[in-house]
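In: With the input below, show me the fold.
(chains A, B, C and D)
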There are 2 protein chains.
Amino acid sequence: MVKNSKIPSASLERVALYLRCLEEIKSKGEIVISSERLAILCRTNPAQVRKDLSYFGEFGVRGIGYDVDELIKSIKRIIGADREWRLCIVGIGNLGLALVGHENFRKRGYRFMAAFDIDPEKYGMELPNGIRIQPLSEMRDTIKRLEIQIGLITTPPSAAQEIADMLGDAGLSMILNFSPIQLRQKEGCIIENVDFTVKLDNLAYHLKELEQDE
Amino acid sequence: MVKNSKIPSASLERVALYLRCLEEIKSKGEIVISSERLAILCRTNPAQVRKDLSYFGEFGVRGIGYDVDELIKSIKRIIGADREWRLCIVGIGNLGLALVGHENFRKRGYRFMAAFDIDPEKYGMELPNGIRIQPLSEMRDTIKRLEIQIGLITTPPSAAQEIADMLGDAGLSMILNFSPIQLRQKEGCIIENVDFTVKLDNLAYHLKELEQDE
DNA sequence: GCCTGTGAATCCATTCACAGCT
DNA sequence: AGCTGTGAATGGATTCACAGGC
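Out: Numbers count the residues shown, from 1 in each chain, chains lettered A, B, ... in the order given. Got it, this is the predicted structure:
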């Protein structure tokens, strides 16, 4: 996890979750929500919710609760979800395609501006969102020109480190890595890993424990 | 995170990571490794590595380090990666396809045994690994018959809760949810969420902070 | 001398419990 | 009365520092 500032990174992560629940709540027409109800929806507890929010300011009204709409706006402002972020993605296999086509990115203000792949056969191929696959050699220029801020890596693990270095050299400071490999990060470049096999390992471990208990 | 037994869940998660690094190390022909080197590779610190491993037993040799091959075997045994786990997946869109085709699952002993989708047009479609897409109505029987242990949800968020309930009813106790929604879990059913937009929100937050500092 | 294993110390996160506002 | 905001207390996880084996 990224470590920074005085705010617990765990809180930050949960706040992004609250936002998601609140939007659902809002779409159901609810106007106010208590920390207790929000806690239930997000599978945590009321004290946690209040503490998390208190790191960023005072958003609630004592005796009443939180105004759903206002809280959504506040959280969006806090976590930067009130603006657009420009992404590029490297490695357009199944996973890359899945991510580029994923509704949720667009809905949250994340825009894929460019896609790169090493395979010449794919150059020029148009993705569902209208962008075209470019060769790696154009990465540097494109990132600068389109002012891209975040890079996603969806290459096979063997290529991931090299791509991470290239992205860093091109000036990106934020990388989201989907390749199941631990990447070395250089100074001034934050890399977050999304690794679902680790989660699976977790489930498997607990399943094993469960079996043994019987 | 799943909470259970006396072992810190954070440790368990890291140990799965160590395994990945160790296999890389092994493929490069290294025979022994120190906690320090393993720590560098996994971006943690030596004390952490030693403490994590010590929860499960004593695997190292003082003055020398850890035998790579032996440590791999031990960790595999610990986390249950020394055997096969049978998976099913519900929702065969881009993401579902990406996961089913992903080398790493098979390599770690996770086998996709069945795939389900709500779309009748897809019934019978054969996936790269040879399994065929089935209707939801066959879920219960198939899970029992093939002794499936873990279910993956890759449906749109709107369908996710219903699917989770169905999987639970069919007897599954472990679910990995890729849909960006918080699922209510019933008694005796552990649900892990893989949510990459949360990670992105994280990066965006830090990017914003970075900008403000200037 | 080198490197592990681990109690003790520290650091961080969560929960409690209550004061304060409506 | 109801619900937030927050110091204080608790509980977990990480790091220190050193004893013990090679």
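
In: pLDDT score for the residue of chain A found nearest DNA strand D?
Out: Residue of chain A nearest DNA strand D, by C-beta to the nearest atom of the strand: residue A:63 (2.2 Å). Where you see a C-beta, it was placed from the backbone N, CA and C, and this is true even at glycine. Listed pLDDT for residue A:63 reads 94.

In: Next, work out how far apart it and residue A:32 are.
Out: Computed as C-beta to C-beta, to the nearest Å, the residue A:63 to residue A:32 distance reads 11 Å.

In: Secondary structure element for residue A:165, which one?
Out: helix A:157-169 (DSSP states H and E).

In: Heading C-terminal from that helix, find the next helix or strand.
Out: Criterion used, DSSP H and E; the element after helix A:157-169 is strand A:174-177.

In: Spatially central residue for chain A, please.
Out: residue A:176 (7.7 Å; C-alpha atoms, centre = their mean).

In: Pairing partners for that residue in the sheet, please.
Out: residue A:152, residue A:192 (DSSP bridges).

In: doesn't residue A:192 make contact with it?
Out: Yes - Residue A:176 lies in contact with residue A:192 (C-beta atoms under 8 Å); the separation is 5.3 Å.

In: Find the residues that touch each one of those two.
Out: Listed as contacting both residue A:176 and residue A:192 by C-beta atoms under 8 Å, 6 or more residues apart in numbering or on different chains are B:199, B:203.

In: OK, contacts around the residue nearest to the centre of chain A?
Out: A:150-153, A:191-192, A:194, B:196, B:199-200, B:203.

In: Residue A:63 and residue A:32 - which one has more neighbours?
Out: Neighbour totals were compared for residue A:63 and residue A:32, and residue A:32 leads with 16 against 5 (other C-beta atoms under 10 Å in any protein chain shown).

In: related to what we said a few turns ago, please state the offset of the helix holding residue A:165 from the chain centre?
Out: Centre-to-centre, helix A:157-169 and its host chain are 19 Å apart (C-alpha atoms, centre = their mean, to the nearest Å).

In: likewise stretch A:117-126?
Out: Per C-alpha atoms, centre = their mean, the displacement of stretch A:117-126 from the mean C-alpha position of its chain is 26 Å.

In: List the contacts of it.
Out: A:90-92, A:96, A:132-136, A:155, A:159.

In: 7 Å - rerun?
Out: Stretch A:117-126 has contacts (C-beta atoms under 7 Å, 6 or more residues apart in numbering or on different chains) with A:91-92, A:132-136, A:159.

In: Now residue A:65, what are its backbone angles?
Out: Per-residue torsions, residue A:65: phi 140, psi -150 (degrees, to the nearest 10).

In: my bad, residue A:200
Out: The phi/psi pair for residue A:200 (degrees, to the nearest 10) is phi -60, psi -40.

In: cool, residue A:111 as well?
Out: The phi/psi pair for residue A:111 (degrees, to the nearest 10) reads phi -110, psi 130.
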